[in-house]
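>>> attaching a predicted model along with its sequence, questions to come.
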Amino acid sequence: MNKEVDFKTFFIVLVSAVVVSCASAPKSGKRADFNESKANTIVSLAKRMVGMPYRYGGSNPLEGFDCSGLVLFTHSQVSKNIPRVSKAQFQKAKTVPLNQLKPGDLLFYKTASTPTHVTIYIGNKQFIHAPSSGKQVKIASMDNPYFKSRLVKAGRLY
């Protein structure tokens with residue numbers, strides 16, 4: 001990848017995220033159940049990361065993303081104290097019933113003995129995730145048999 005293009009993409013995403021998050025700052029210290037403005041920012045940023053390379057430990061557009069790094073990057077633009085790893089994100093996320101799932105929510109999957117994979121729900125039973133080494137951030141379906149059988153929790157971090 002061209003480093004100059006990566007930097008420009010990173011800079012544009014960062015500036016737009018700061019502008020949006022400043023404009024949608026909460027009026028009180030209370031944690032809202034669902035904030036459409038925050039959700040839109042998360043989904044918009046996640047969509048801009050589609051095609052970025054997977055990188056274990058990666059959490060920004062300059063280096064690439066692993067699954068929890070993508071969540072950290074997108075959610076940190078609208079909320080504070082987002083955990084870095086999927087296990088901690090799983091523990092911190094407030095459970096959301098599947099019939100109340102909203103764009104920006106997280107889906108946690110058990111791909112080993114514990115929940116190890118996290119994705120960002122974008123609506124219409126689709127999510128964005130950083131799948132694995134050698135692949136790129138992409139959109140996938142909750143109806144995919146691999147994922148459907150491994151879903152263990154839907155949650156919200158903001």
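Thanks, I have it. Residues are numbered from 1 along each chain as shown.
>>> the helices in this structure, which residues?
Secondary structure of the chain (DSSP state H): helices at 3-23, 36-48, 67-75, 86-92, 145-148.
>>> list the buried residues of the fourth one.
Within helix 86-92, the residues scored as buried using 16 or more other CB atoms under 10 Å are Ser86, Gln89, Phe90. Every C-beta, even on glycine, is put in place using the N, C-alpha and C of the backbone.
>>> one step back: mean pLDDT for the helices of the chain: which is lowest?
Note on the helices of the chain: lowest mean pLDDT is at helix 3-23, with a mean of 49.
>>> now for Leu70, how many residues are close by?
Residues within reach of Leu70, counting by other CB atoms under 10 Å, total 26.
>>> same deal with Gly123?
The burial count for Gly123: 13, using other CB under 10 Å.
>>> isn't it right next to Pro103, touching?
Yes. With contact defined as CB atoms under 8 Å, Gly123 counts as touching Pro103 (4.6 Å).
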